[in-house]
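**Q** Sequence and predicted model, in that order:
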Amino acid sequence: MADLRVVVMPPFDREFFGGTDRFDLSAKTLFGVVNKLDEIGRGFADLADVRAAFAVDGAVQPDWSVPLGDAKEVIVMQKVAGGAD
Amino acid sequence: MNAPEPKGSFKQVGTRPIRPDGVEKVTGKAIFGTDYKAANMLHGAIVRCPHPHARIKSIDTSKAEAVPGVKAVVTGADFPAIDDVMVRTGEVASSTLDLAINIMAKDTAYYDGHAVAAIAALTRQAAIEAARLIEVDYEVLPHVIDINDAFAADAPKIKESIETAGLAEGEEGRPNASLKFPSVKGDPDAAMAGAAHKVSGHYSLKPVHQGYIEPHAAVATWKADGKLDIWCSSQGAFDVRGLTAGVLHLDIGSIRVMPLEIGGGFGGKTTIYLEPVAALLSKKSGRPVRFVMTREEVFRATGPAAGGEIDITLGADADGNIVAADIEFQYSSGAFAGADTWAGVMHSVNHYAIENFKVVGWNVLCNMPKHAAYRAPGAPQINFAVESAVNDLADKMGMDPIDLRLKNAVKPGATGPMGNQLGEIGLVECLEAAKAHPHYSAPLGPNQARGVACGSWMNYGGPSTAAVSLADDGSVLVTEGNPDIGGSRASMALMAAETFGIPYEKVSVTIADTSSIGYSMVTGGSRTTYATGIAVIEASKGVIEILRDRAAKMWECDVSEVEWGEGEAICTGGENKGKTFPLTEIAAKAGATGGPIAFENGVNPLQHLPGYGVHICDVEVDKETGNVSIARYTAVQDVGKAIHPSYVEGQMQGGAVQGIGWALNEAYIYNKDGRLDNAGFLDYRIPVASDMPMIDTVMVEKANPGHPYGVKGVGEVPIVPPLAAVGTAVSRAVGKPMRSLPITPDKVQASLNGG
């Protein structure tokens, strides 16, 4: 179980968490992070998969099941659209 | 100036073979979206609202239904009621309700060209004639087109449901603002107050269209078993499937989408317009239904890129270190909420190491078509303001503009604006290559001036699936799920050939339908060569593992004693040590060693890296007519490893030309009644070949360690810098700042004449 500082970037901070953008919580995986964030801001989990990206200690982690181990920080950020070609 | 070929230790990667689909396309035999015909099909036509904002009081289809040959009519009432759920559209989420209403208005039409009814008939002409007979009773409502009008505090609200997300507690939104997105780092106010040099400006851009040559087209057939088949060109057949399922309330598994060749998309074909309409008409008529948009329909009803209004102030210390940025902007997203505002904030100052910034983006709705992604969506607009201001700062300080950028550029290991690590990025190398390029120091002719700008795009990875199988003669068959828009068949074949150690010509690539391969996200976001490339490489490696196992069986040794070399298995132990089995021989004996050889692999890589570009533009201004021509243009870009350099250069050139068009030519022109006045290529002028000089390209190949062959995305970066490079060059040529795009001859004339 990693003790994490979770940083929630706009627009999620105001949309789900009343403007609070930092949380201290413990989780084994990103699934746990999402579930705990959903307890604070109801509805976040429903949209996280399609709207949010997660960086664990600075590196984007697409697999939510990877153990967080001794990770220190998770950043929740907006996915960015693309349109080339 | 181009990269040498081939370089490094690669044998296939980095070479420039002819693309597998090239002959079919240049001889006109390839089947694009507009070419496909189904047996017994009907032809569709859409009735579009002539008002920018109107309540639909009633629709009378009786006269149309009486026209000989008409087989079915649908309106918004035929679409299922759906919940407003979020679904994936490309890399981001979209509201199914917004999608459905954009495809067919229900009680209100939100822009000139909004679909209100559709007809299927035996002939296209019958469908068009019947469409004219559909009587729609409208109550015309107040409209707003211009973003400044739409953002005003007293603007008429175009939808009652609009609420401004992202506001601080107690903060008031705007009537048509769907989002406020602030991003703050450090103490920008204090840093700005202490800055030795400041520059400020207001910048304006109009919405522009992606300008793909192939119009939207689709054929749908609702089969007797209740399942739906769709043939269309798009940037992602899987997303066409998912979005259509969402809009029509169908199981995803009941829809099969067959991807056809695509004649350009640039982001605009990552969503749907026609497919559900054709499907419902097919359900009603019992026959396949085909739609092909006219060019006018493409302009009136499909997505433009956002226009923008941007205020910016930059502050630097006496040495040229940018110490603060204060930016506030509004992007228009048409009549529905959009996503580009987030990207605008993220790409505003992410190419500079600035410790203090405040960037606030607003998303504003107006009575225009629903915006769609366009090459680096959201980045070119904000970059126009930022890079123009950086050039102003260089002028004010008497610094070389590239030196100023080198002083402030982000470097490997830096942290991005969202806290993510940027990794092995190559902006500094690009700036150094641009400064060393002969273009940068070349003398200018009369009435000529030069501008330079740099920019970035975060790029993307995401889910892709690929399958690799072997034929009995050793042919390698790659199957993928991403439409080939910019030459990806060739890139996938090169990566597979490199992995196997075989010639490029031995690999064939097929783009599969949605029931024949696993999910692959859209071809977009500069993700395909990176992410689908990894899927192809991993699937190839899976086949190689099978080949090693089969060779071990034939040598009667343990698989650990078999290695894979250049297109062959090599025995490294036992009595057969040193012997080899070519891939062709193992494939020929597949039946005797365990059966067909194939491997399918799904991946979701996100070790992509941002790309950076630096552009140099020389313009020549005709002081009599105000016309601006591009005299010389050079694009430098950090491309990672170029798998097929010709197609990388093509992306760089194409993106540059589209950016030049945005800067000089392109804009939607609405009249006072809110109707689009230039819905065609005669009046909406995209650059053509005769407008352009040769766009010189310099590929800076700084490999991405997160890809087996070093790939970074390349398709989006090149549209980011041109707006400021062109704008700065014209500003210098006329001696006054030109901060409103497009810089048309009348604006140049007015500036030259003291306006």
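**A** Ah, there it is. Numbers count the residues shown, from 1 in each chain, chains lettered A, B, ... in the order given.
**Q** mind listing the helices in the stretch 601-750 of chain B by residue range?
**A** Secondary structure of the stretch 601-750 of chain B (DSSP state H, counting those that start in this stretch): helices located at B:645-664, B:722-734, B:745-752.
**Q** who wins for proximity to chain A among those helices?
**A** Across the helices of the stretch 601-750 of chain B, chain A has its closest neighbour in helix B:645-664 (7.3 Å, CB to the nearest CB). Where you see a C-beta, it was placed from the backbone N, CA and C, and this is true even at glycine.
**Q** on that earlier part again, now the helices of the stretch 601-750 of chain B in JSON lines, with mean neighbour count?
**A** As requested, the helices of the stretch 601-750 of chain B are exported to JSON lines (neighbours: other CB atoms under 10 Å in any protein chain shown):
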{"stretch": "helix B:645-664", "mean neighbour count": "25"}
{"stretch": "helix B:722-734", "mean neighbour count": "28"}
{"stretch": "helix B:745-752", "mean neighbour count": "17"}
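**Q** Any chance of the ones you listed in CSV with mean pLDDT and distance to chain A as columns?
**A** Formatted as CSV, those follow (pLDDT from 0 to 100; distance: least, CB to the nearest CB, whole Å):
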stretch, mean pLDDT, distance to chain A
helix B:645-664, 98, 7
helix B:722-734, 98, 15
helix B:745-752, 96, 28
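**Q** looking at those helices, which is closest to B:Asn321?
**A** Among those, the nearest to B:Asn321 by CB to CB is helix B:722-734 (20.3 Å).
**Q** I'd like to know which elements the closest one is packed against.
**A** Counting contacts by 3 or more CB pairs under 8 Å, 6 or more residues apart in numbering or on different chains; DSSP states H and E, helix B:722-734 is packed against helix B:379-397, strand B:448-457, strand B:611-621, strand B:628-638, helix B:645-664, helix B:745-752.
**Q** any low-confidence regions in chain A?
**A** A:80-85 (pLDDT under 70).
**Q** Chain B contacts on that one?
**A** Residues of chain A found near chain B (CB under 8 Å from any CB of the partner chain) are A:7, A:9-11, A:14-15, A:18-19, A:46-47, A:50-51, A:53, A:55, A:58-63, A:73, A:75, A:77-85.
**Q** Which members of those residues occur in helices, if any?
**A** With DSSP state H as the criterion, helices contain A:14-15, A:46-47, A:50-51 from among the residues of chain A next to chain B.
**Q** Widest-spaced pair of those residues?
**A** The span of these, defined through CB to CB, is set by A:Arg14 and A:Val50 at 18.8 Å.
**Q** quick one, strands of chain A?
**A** A:2-8, A:22-27, A:52-56, A:59-60, A:73-78 (DSSP state E).
**Q** what's the neighbour count on the residue lying closest to B:Tyr612 once chain neighbours are set aside?
**A** Nearest non-adjacent residue to B:Tyr612, counting by CB to CB, 6 or more residues apart in numbering or on different chains: B:Leu427, 4.0 Å away. B:Leu427 has 29 neighbours, counted by other CB atoms under 10 Å in any protein chain shown.
**Q** Map the structural domains onto the sequence of chain B.
**A** Using automatic domain parsing, the domains assigned to chain B come out as B:22-30+B:461-603, B:420-457+B:609-752.
**Q** Of the ones you listed, give the one that comes closest to B:Val70.
**A** domain B:420-457+B:609-752 (26.1 Å).
**Q** how distant is that closest one from the center of its chain?
**A** Distance of domain B:420-457+B:609-752 from its chain centroid, counting by CA atoms, centre = their mean, to the nearest Å, is 16 Å.
**Q** hang on, the earlier thing: let me have the strands of chain A in a markdown table, extended by distance to B:Leu205.
**A** Shown next, in a markdown table, are the strands of chain A (distance: least, CB to CB, whole Å):
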| stretch | distance to B:Leu205 |
| --- | --- |
| strand A:2-8 | 31 |
| strand A:22-27 | 35 |
| strand A:52-56 | 27 |
| strand A:59-60 | 30 |
| strand A:73-78 | 22 |
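**Q** Next, format those strands as JSON lines and append mean neighbour count.
**A** Putting the strands of chain A into JSON lines (neighbours: other CB under 10 Å) gives the following:
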{"stretch": "strand A:2-8", "mean neighbour count": "18"}
{"stretch": "strand A:22-27", "mean neighbour count": "14"}
{"stretch": "strand A:52-56", "mean neighbour count": "21"}
{"stretch": "strand A:59-60", "mean neighbour count": "18"}
{"stretch": "strand A:73-78", "mean neighbour count": "22"}
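**Q** Who are the contact partners of B:His608?
**A** Neighbour list for B:His608: B:458-461, B:526-527, B:530-531, B:704, B:706, B:712-713 [criterion: CB atoms under 8 Å, 6 or more residues apart in numbering or on different chains].
**Q** The residues you listed also near chain A: which ones?
**A** B:458-461, B:526-527, B:713.
**Q** from these, which single one is nearest B:Glu538?
**A** Nearest to B:Glu538 among the ones next to chain A among the contacts of B:His608 is B:Gly461, at 13.2 Å by CB to CB.
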